[in-house]
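K.L.:
prediction below, plus the sequence it came from.
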Amino acid sequence: MIFGRPKKSFNEVLLEAIRELGKCYSRLELAYRKLARRNRKLFEECSSYLSRGLKSRAVVYANEIAEIRKIMKFIESIQLNLERAILRLETLRTVTPTLEDIRGVFGEVRGVLEDVARIMPSLAPELENLTASINELIMGTEINVAPPEPLAIR
């Protein structure tokens, strides 16, 4: 507990992260649609100026269209990265309960091996090896919530 608030479970943290990333994705989708509408509108204006022989005005509109398309491509790239992150978090959320169950079973087995070692000390070296193997397996199933790698933005 930190400052009177109960610590959130790993599953709650995952759900919250998925939800927040989904919100970001929706906002980007809205921005993309607005830019697409603006792109169409400017393209029609550009075409209109070209058909009337006003090339200099058409060039201004064409340059703005190019900038809008760059932004749209950038938004698409961010959306793909968000989708990738959401999918990864959902996969992690699916696997987490299984890993927790496995860790629980390994913990119980480790406890039984320790009891057997107390009862039969002659088996202690072999049981210590088994316990070490189980500890390695438990460590292998731990999920480290480290900060994600930064995304490359081009």
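P.N.:
Done, it's in.
K.L.:
C-alpha from now on. contacts and neighbour counts both.
P.N.:
OK.
K.L.:
from residue 133, how far off is the residue most central in space within the chain?
P.N.:
Centroid-nearest residue in the chain: residue 85, 2.4 Å away (criterion: C-alpha atoms, centre = their mean). Shown here: residue 85 relative to residue 133, a distance of 33 Å by C-alpha to C-alpha, to the nearest Å.
K.L.:
the residue nearest to residue 55 when sequence neighbours are not counted and residue 59, how far apart?
P.N.:
Leaving out its chain neighbours, the residue that sits closest to residue 55 by C-alpha to C-alpha, 6 or more residues apart in numbering is residue 49, at 6.7 Å. In this view, residue 49 and residue 59 are 9 Å apart by C-alpha to C-alpha.
K.L.:
just residue 120 next, same as before
P.N.:
89 Å.
K.L.:
out of the two, which sits in the more crowded spot?
P.N.:
residue 59 (14 against 11; other C-alpha atoms under 10 Å).
K.L.:
if you skip the residues just before and after it, what's nearest to the more buried one?
P.N.:
Once flanking residues are discounted, residue 59 sits nearest to residue 46: 7.6 Å by C-alpha to C-alpha, 6+ apart.
K.L.:
does that neighbour fall in a helix, a strand, or a coil region?
P.N.:
Classification of residue 46 using DSSP: H, G, I helix; E, B strand; the rest coil returns helix.
K.L.:
ok, it - contacts?
P.N.:
57, 58, 59, 61, 62 (C-alpha atoms under 8 Å, 6 or more residues apart in numbering).
K.L.:
how about the residues you listed, which pair is most distant?
P.N.:
57 and 62 (8.7 Å; C-alpha to C-alpha).
K.L.:
okay, these two: which has more neighbours?
P.N.:
Applying other C-alpha under 10 Å to residue 57 and residue 62 shows that residue 62 carries more neighbours, namely 18 against 14.
K.L.:
need the helices for the protein, in chain order.
P.N.:
Counting by DSSP state H, the chain has helices at residues 10-51, 55-119, 124-140.
K.L.:
report the angle between the longest one and helix 10-51.
P.N.:
Right, the one you point to is helix 55-119. Here the directions of helix 55-119 and helix 10-51 differ by 170 degrees (axes from the mean of the first three to the mean of the last three C-alpha atoms, to 10 degrees).
K.L.:
what helices and strands are in contact with helix 55-119?
P.N.:
helix 10-51, helix 124-140 (3 or more C-alpha pairs under 8 Å, 6 or more residues apart in numbering; DSSP states H and E).
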